[in-house]
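J.: Need coordinates for the below:
(2 chains)
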Protein chains: 2
Amino acid sequence: MIAQEHTDALTKVLGDKGVVTRHEDMEAYETGARYDRGSAAAVLRPATTAEVSAAVSYCVRNGIALIPQSGNTGLVSGSTPDASGSEVLLSLDRLTRQFALDLDNRSVRVDAGIRLSELNRRLEEQGLFFPIDLGADPRIGGMIATNTGGSRFLKYGDVRRNTLGMKVVLADEDGTVLDLDCDLRKNNTGVDWKQIFIGTSGAFGIITECVLNLERVPKQTATAFLVPASGAHVLPLLNAMEERLGTNLSAFEGMSKNAIAATFAHVPSLKNPFQGGNVPGYVILAEICRTWAPREGEQSLDAVLEEVLAEIWELEEAPLADAFVGPPHEIWALRHALSEGVKHLGKLIAFDLSFRRGDIMAFCDHMKAEMPDKFPGITVCDFGHIGDGGVHFNLVVAKNSPLMTDSSFEQRLREWVFAVAVEQYGGSFSAEHAIGRRNQAFYDFYTPEKLKEMAGGLKTLTSPGKLGSVRFG
Amino acid sequence: MIAQEHTDALTKVLGDKGVVTRHEDMEAYETGARYDRGSAAAVLRPATTAEVSAAVSYCVRNGIALIPQSGNTGLVSGSTPDASGSEVLLSLDRLTRQFALDLDNRSVRVDAGIRLSELNRRLEEQGLFFPIDLGADPRIGGMIATNTGGSRFLKYGDVRRNTLGMKVVLADEDGTVLDLDCDLRKNNTGVDWKQIFIGTSGAFGIITECVLNLERVPKQTATAFLVPASGAHVLPLLNAMEERLGTNLSAFEGMSKNAIAATFAHVPSLKNPFQGGNVPGYVILAEICRTWAPREGEQSLDAVLEEVLAEIWELEEAPLADAFVGPPHEIWALRHALSEGVKHLGKLIAFDLSFRRGDIMAFCDHMKAEMPDKFPGITVCDFGHIGDGGVHFNLVVAKNSPLMTDSSFEQRLREWVFAVAVEQYGGSFSAEHAIGRRNQAFYDFYTPEKLKEMAGGLKTLTSPGKLGSVRFG
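T.: Okay, the predicted model is just below:
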């Protein structure tokens, strides 16, 4: 619990709405989207960059630890407080005033508290969108601080690619506001400082405003479920699609049989398109798009996709065993239900990994082969973004498994998965969820000493105060 | 001239081919692509990352100043030595051994000395390319250190977007090799350190190897010259094209009448497509592309472009006055000849600016209106990348102008152009050429103190030795 003098001082700065200390009002902020429950000393809710600056300055001067919280949808315990009750949450949820669209520049300037869904709702009538496609509905500040990717990374890239500028409040005694709010696409006049605040979980500063690149909403899309001839044919299939479709290919998502079967079992409204309801060993969701409207006499995009698939069928060593072109909403419905679906099998232990594209399937096969011996009773329900190398390597422990009562296995499991992913396959232990308390130990273990030392130096240069859930350096 | 003991020691490390001290052999390295002629103490030509590290370590321990030089095609005096004769050049021109293509990952790992043309030549038979389209032919290390953009930025972005990883040698006593040579597209496991070496002219470290994202070469393109109804119609025309063509629009380049006329006058082989040879006030080069091969029964891309232009013609307040769809090589030939063409008018003073897209034409009009009063005898020959906000704002002083004998005007001119561009229009004084000796003073003037202080701290953290032509901090 925060001392009354601090509550009073912060209330002077932020107003009554800006300081929350009642337990029942703090609970939603203290509880993570999937994991964790911490205890906050208070929740601050500034409504402007100036208020963030004043609040941060006060906290730094008084040695109060701050945890920035954006949409609180993350999965690595990056934005919830620890159990001590001494950390103060700084929520972005009232930083939502600014929305300045520049149509000629195809960009928008917003406060960091806007939700992704709200941003895209307001852009819809202009035919524009912020092209990061996620299952969750985060606020934009947190999306930048974690550099989210999502299902259409293949075509539009990550948040880093689509962030033109930002304002950042540093955790120093002055609550310095760093004005990096450039709205230019090309600007090479020194260090591009915004890059160090992207993907670093708010440890170096709090993003309060930003300028985002926008893209035109595609006017036509066609989607299909593809069944590769085998796991080894997934990459040849991707290559064959890219060779024929280039940047018109906007998604190439992989789904394992276990993940799909669990989802069909628990979401009865989903249509099962596979023969006799038998789910194949691996399924790809492929989407192609065209950014122009249908033209008279032009082949429909569904027909283009059918033709391309027919060509691939006829290749020697065809990588394809089956394919259905279908309505986008039906096809994406399965993909979007996977996260929920796999949870029903038991206790979910999720890994957000990435690899060179050619290594994804080999890694998953490797793990599936070794899992029964190493961790009997665990089902691998992987799915992910084959097109950009990302895998949501989800493991489910059956409710009746002896592992459920073994408190030590989770740590051993994590160490093993990361060791194989990082050391044997040269992969990443955090593809798009960034660092949080949950994977701090792996940052500490896998980051070379020199880089940790540099990160520590950078922390001193930017935000020497107590800021964020991650210890860099 | 470097002391004999240093030459001997460095020759032990780099071999005879690795150390150049004869004046006639150093001359090409000492001479900039367009401006400047410096004097080097020696030229070092390491062939591996380990050799770079050993040479840098020796120089740092002995207080020798190093200037990294890549293709030496830059225009801001970033890679040539000063006149003192005390700086040692470190050339990347022998760092060309590695070329490891990963087709499944659509990436390549190369040494930093490979030329852009050589890289793309070796990728051609795979239907792949590194999608940065430049007039010059730099080496890749320098392209990263200056974050080049080019003519197809609109579709493929800059070098930053297309760099997955790198190895960097720091200028510290050990010549520390920083291993950032990730070949992953998604990796959020801490600070993305490679970002600080991109666009900072080699001041924080020498890039010796890198992993690059590759794209599929488009299989169809269509190009046109578009004549906007007026300068004020350039942006409405861009918006109308983007609305109809989205990411199929791969270039939208602007060319002023002065630049075109100078080029036609001096390159007689160019075909002048304009009625009666009269060059319009402003011309756009538009390119659209399709990444799939022509399909039977499908409208040709030329026909699509014709139709889109016909639609735009019929808009109320049509932004278009004239348009010719034509063969890509003829249309690009004019664009590529502009840099040479304008030089024939007199002494060229070049500015590489960028703006919010909506401000480019207003800035150019503003300057054209004020130029005759402020600097009589100067012709504005601007051209550039309207699609991404970049302008090569080229000024030409007639050979018979009194300004040619006025040694002070160039400084006054630069200050005025940058003041209007940066202070009045919120633009950038270096869009894609980065910082070098030539614009150091403007970095010092326009960069906020706090950011300079942070850059100085970063320099100490990374490369405390004397490295690079730019002083950060």
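J.: care to break chain A down by domain?
T.: As recorded under automatic domain parsing, the domains making up chain A are A:4-91, A:99-216, A:220-335, A:345-424.
J.: and among the ones you listed, the most buried is which?
T.: Mean neighbours per residue, mean count of other CB atoms under 10 Å in any protein chain shown, is largest over the domains of chain A for domain A:99-216, with a mean of 22. Every C-beta, even on glycine, is put in place using the N, C-alpha and C of the backbone.
J.: if you average pLDDT over that domain, what comes out?
T.: Regarding domain A:99-216, the rounded mean pLDDT is 97.
J.: List phi and psi for the closest residue to chain B within the stretch 101-250 of chain A.
T.: When scored by CB to the nearest CB, the stretch 101-250 of chain A has A:Gly246 as its residue closest to chain B, at 2.2 Å. Here is the backbone geometry of A:Gly246 (degrees, to the nearest 10): phi 50, psi -130.
J.: which ones are touching the residue lying closest to it once chain neighbours are set aside?
T.: Spatial nearest neighbour of A:Gly246, excluding adjacent residues (CB to CB, 6 or more residues apart in numbering or on different chains): B:Thr291 at 2.2 Å. Residues in contact with B:Thr291 (CB atoms under 8 Å, 6 or more residues apart in numbering or on different chains) are A:Leu245, A:Gly246, A:Thr247, A:Asn248, B:Arg216, B:Pro218, B:Lys219.
J.: Okay, B:Thr291 and B:Val304: tell me how far apart.
T.: Separation of B:Thr291 from B:Val304 (CB to CB, to the nearest Å): 14 Å.
J.: what's the answer for A:Leu270, then?
T.: Computed as CB to CB, the A:Leu270 to B:Val304 distance reads 38 Å.
J.: From one end of stretch A:68-88 to the other, what's the distance?
T.: Stretch A:68-88 has an end-to-end distance of 9 Å (criterion: CA to CA, to the nearest Å).
J.: How far away from the center of its chain is it?
T.: 16 Å (CA atoms, centre = their mean, to the nearest Å).
J.: Then stretch A:211-219?
T.: Stretch A:211-219 sits 19 Å away from the centroid of its parent chain (CA atoms, centre = their mean).
J.: and the stretch 301-450 of chain A, which residues reach chain B?
T.: A:304, A:307-308, A:354-358, A:385, A:388-390, A:426-435, A:442-443, A:446-448, A:450 (CB under 8 Å from any CB of the partner chain).
J.: Equivalent analysis for the stretch 1-150 of chain A, please.
T.: Counting by CB under 8 Å from any CB, the stretch 1-150 of chain A sits next to chain B at A:Asp102, A:Leu103, A:Asp104, A:Asn105, A:Arg106, A:Ser107, A:Gly127, A:Thr146, A:Asn147, A:Gly149.
J.: Strands - which of those land there?
T.: Of the residues of the stretch 1-150 of chain A next to chain B, the ones assigned to strands by DSSP state E are A:Asp102, A:Ser107.
J.: Save the domains of chain A as JSON lines, and put in distance to B:Gln411 too.
T.: Formatted as JSON lines, the domains of chain A follow (distance: least, CB to CB, whole Å):
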{"stretch": "domain A:4-91", "distance to B:Gln411": "37"}
{"stretch": "domain A:99-216", "distance to B:Gln411": "19"}
{"stretch": "domain A:220-335", "distance to B:Gln411": "45"}
{"stretch": "domain A:345-424", "distance to B:Gln411": "48"}
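J.: Quick one: mean pLDDT over whatever helix or strand A:Lys368 lives in.
T.: Using DSSP states H and E, A:Lys368 falls within helix A:360-374. Helix A:360-374 carries an average pLDDT of 96.
J.: Give the other helices and strands that it contacts.
T.: helix A:234-245, strand A:378-380, strand A:390-398 (3 or more CB pairs under 8 Å, 6 or more residues apart in numbering or on different chains; DSSP states H and E).
J.: Also compute the angle for it relative to helix A:234-245, please.
T.: 160 degrees (axes from the mean of the first three to the mean of the last three CA atoms, to 10 degrees).
J.: Run the chain-centre distance for stretch A:237-253.
T.: 22 Å.
J.: Next, the distance between the ends of that stretch.
T.: Span of stretch A:237-253 from end to end, CA to CA: 12 Å.
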